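In: I'll drop the sequence and a predicted model, then ask my questions.
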Amino acid sequence: MKGKLIIVAGPSGSGKTTIVRHLLSVYPRLAFSISACSRQKREGEMNGEDYYFLSVEQFKEKIDTGDFLEWEQVYPGSYYGTLRSEVERLWQAGRDVIFDIDVKGAMNLKKHYPENAITIFIQPPSLETLEERLKKRKTETPEFFEQRIKKAAEELLYSKQFDKLIENNDLQIAFKEAEKLVGEFL
């Protein structure tokens, strides 16, 4: 059984996670696809709820056995991906799946399920606004912060490849736009 996929992506700090959480609260038939990653857990994160935390070796093993629908080495030594078993588990439960992933992962997922998926790019009003949002988080070292900004600039170039684009200048307006897009797709 195949359900639908709502694939939400955008640079770190664009608001994609906040928008995905909002959509989950509005549409009960949606279920969040938990990604796998090889990075360290942050404070408060839970394995199997926030991510499936794997070692780099475990992650590479799953790549070799074809367990991922998509995966990416997002930063040196930091792998992220979508396990095929996660999507199948949610579809078996009769749910449609929503993703919060990086832009390359979004494009790769869409290739697997072109008829069942919609891709939505969450765009910040500007790179400067994005920098301010990331600074407020206070979750990265200055060196990693610079990596995130550089990656964000690259990710913004992908926006035209997505089915839909939401500029997150005002979160309440972005919520309404996302609700409308997803409601029409479902």
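Out: Done, it's in.
In: show me the contacts for Lys151.
Out: Neighbouring residues of Lys151 by CB atoms under 8 Å, 6 or more residues apart in numbering: Pro11, Ser12, Val74, Tyr75. Backbone N, C-alpha and C define where each C-beta goes, glycine included.
In: Give me the neighbour count for the last one.
Out: Residues contacting Tyr75 under the criterion other CB atoms under 10 Å number 13.
In: That one bridge partners, please.
Out: Ser78 (DSSP bridges).
In: Quick check: it vs Ile7, distance?
Out: Distance of Tyr75 to Ile7, computed by CB to CB, to the nearest Å: 21 Å.
In: picking up where we left off before, got a winner among the contacts of Lys151 for most neighbours?
Out: Counting by other CB under 10 Å, top hit in the contacts of Lys151: Pro11 with 27 neighbours.
In: For that one, which residues are in contact?
Out: Val103, Pro124, Leu130, Arg148, Lys151, Ala152, Glu155, Leu156.
In: The second one and Asn168 touch, don't they?
Out: Yes. Using CB atoms under 8 Å as the test, Pro124 is close enough to Asn168 to be in contact (6.1 Å).
In: any common contacting residues for the two?
Out: With CB under 8 Å, 6+ apart, Pro124 and Asn168 have common neighbours Gly10, Ser14, Gly15.
In: Most neighbours among the residues you listed, which one is it?
Out: Gly10 (30 neighbours).
In: Quick check: which element contains the closest residue to that residue other than its chain neighbours?
Out: Nearest residue to Gly10 in three dimensions, chain neighbours excluded: Ile122, at 3.5 Å (CB to CB, 6 or more residues apart in numbering). Using DSSP states H and E, Ile122 sits within strand 117-123.
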